[in-house]
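Asks: from the sequence below, what's the structure:
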Amino acid sequence: MFVEYVTRGAKAGLVGGVAFGLFIALVGNPLIGYAETFEHSHEAPAVSGTVTAVVSVAGGVLLGVLLGAVVFGAAYYFLEPVLAGWGSVDAKSYVLGGAGFITVSGAPWVVFPPQPPGVEQSLPVDVRIAWYALMMGVGALACGLAGYVYRQLRRRFDDRGWVVAALGAIASLGVIPMVGVVAPANSVTGPLPTELVPVIQAVTAVGQIGFWFVLATAHAWLVRREEPVSGPSDPIDASMATDS
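Replies: Numbers count the residues shown, from 1 in each chain. A predicted model of the protein is given here:
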C-alpha cells in the first residue's frame with residue numbers, strides 16, 4: 001500500500017514537474033537572461049538557450065517527482081486520516097498542496113524572499129541555510145496547527161462551521177510572520193533596476209504556486225481514478241449529522 005501511494009505521488013510529481021520545467025524554460029529563463037544583461041552586458045551566454053531549456057525541464061521533472069513522492073506519496077499516506085476532515089478527495093489534495101507550498105517556499109520567503117541573479121546578501125550562506133530550514137519547520141508546524149484548529153472549530157459549530165474553521169485555520173498561519181520578525185536582517189545589493197526586482201519575485205512566486213497547484217490537481221485526479229470514494233466525504237460532517 002505504501003509503495004502504491006509513493007508511486008501515485010511520483011506520477012503526480014511528474015506532471016507538475018513537466019509544467020514547472022516548461023514555465024521556467026519559457027518564462028523564467030528569458031527573464032533571468034534579461035536580468036543578467038545588467039551584470040554582464042558584454043558577455044555572451046556560456047550555453048545555448050536550447051541547452052538551458054532542456055536542463056530547466058529536466059530539473060523541473062526531477063524536483064516534481066521528488067516532492068510528489070515525498071509530499072503526495074509518503075506524507076499523504078500517513079496524513080490521510082487527518083486530511084479526511086477537510087472534505088472531498090480534491091480538497092485533501094489541494095490542502096496538502098497548499099501546505100507543501102507554505103512549508104517549502106512561503107514560510108522561508110518571509111525571511112528570504114526570492115532574489116534575482118547578481119544580488120549580494122549580507123548574511124553568510126550558512127546562516128541563511130539555517131534560517132531557511134528553520135522557517136520550513138515553522139511553516140510545517142503552522143500548517144499542522146491550522147489543521148488542528150480547523151478540525152476543532154469544525155466540530156464545535158453547526159452547518160456554517162466550515163467558515164469559522166477556515167478563518168481560524170488561516171489565522172493560525174500568523175505564527176509564520178511572528179517568527180520571521182525575530183530573524184536577522186539580510187540586506188541585499190545588486191545591479192538590477194529597482195522596478196525589475198519585484199517582477200522577478202512575482203514570476204518566481206507564480207511559478208511555485210502553479211507548480212503546487214498542478215501537482216495537487218494531478219494527484220486528485222489520480223486518486224479519483226484509482227480509488228473511487230463512496231459514502232460521506234467528510235467524517236466531521238457525518239458525525240455531526242449522526243449527533244443531530
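Asks: next, the residue most central in space within the chain: phi, psi?
Replies: Nearest to the mean C-alpha position of the chain, by CA atoms, centre = their mean, lies Phe101 at 1.4 Å. As for Phe101, its main-chain torsions (degrees, to the nearest 10) stand at phi -60, psi -50.
Asks: same question for the one 10 residues further on.
Replies: When read as degrees, to the nearest 10, the backbone of Val111 gives phi -100, psi -40.
Asks: can you verify my assumption that Gly180 contacts Phe112?
Replies: No. Counting by CB atoms under 8 Å, no contact exists between Gly180 and Phe112, whose distance comes to 9.6 Å. Glycine gets a C-beta too; all of them are placed from N, C-alpha and C.
Asks: about what we covered before: list the contacts of the residue nearest to the centre of the chain.
Replies: Going by CB atoms under 8 Å, 6 or more residues apart in numbering, Phe101 touches 208-209, 212.
Asks: the helices in the chain, which residues?
Replies: With helices called from DSSP state H, the chain shows them at 2-23, 29-36, 49-69, 76-83, 89-101, 107-111, 125-156, 161-172, 175-180, 197-226, 235-243.
Asks: including distance to Ser187 and mean pLDDT, could those go into JSON lines?
Replies: Written out in JSON lines, the entries for the helices of the chain read as follows (distance: least, CB to CB, whole Å; pLDDT from 0 to 100):
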{"stretch": "helix 2-23", "distance to Ser187": "30", "mean pLDDT": "95"}
{"stretch": "helix 29-36", "distance to Ser187": "19", "mean pLDDT": "84"}
{"stretch": "helix 49-69", "distance to Ser187": "29", "mean pLDDT": "91"}
{"stretch": "helix 76-83", "distance to Ser187": "38", "mean pLDDT": "87"}
{"stretch": "helix 89-101", "distance to Ser187": "27", "mean pLDDT": "92"}
{"stretch": "helix 107-111", "distance to Ser187": "13", "mean pLDDT": "95"}
{"stretch": "helix 125-156", "distance to Ser187": "12", "mean pLDDT": "92"}
{"stretch": "helix 161-172", "distance to Ser187": "31", "mean pLDDT": "82"}
{"stretch": "helix 175-180", "distance to Ser187": "16", "mean pLDDT": "94"}
{"stretch": "helix 197-226", "distance to Ser187": "13", "mean pLDDT": "94"}
{"stretch": "helix 235-243", "distance to Ser187": "47", "mean pLDDT": "46"}
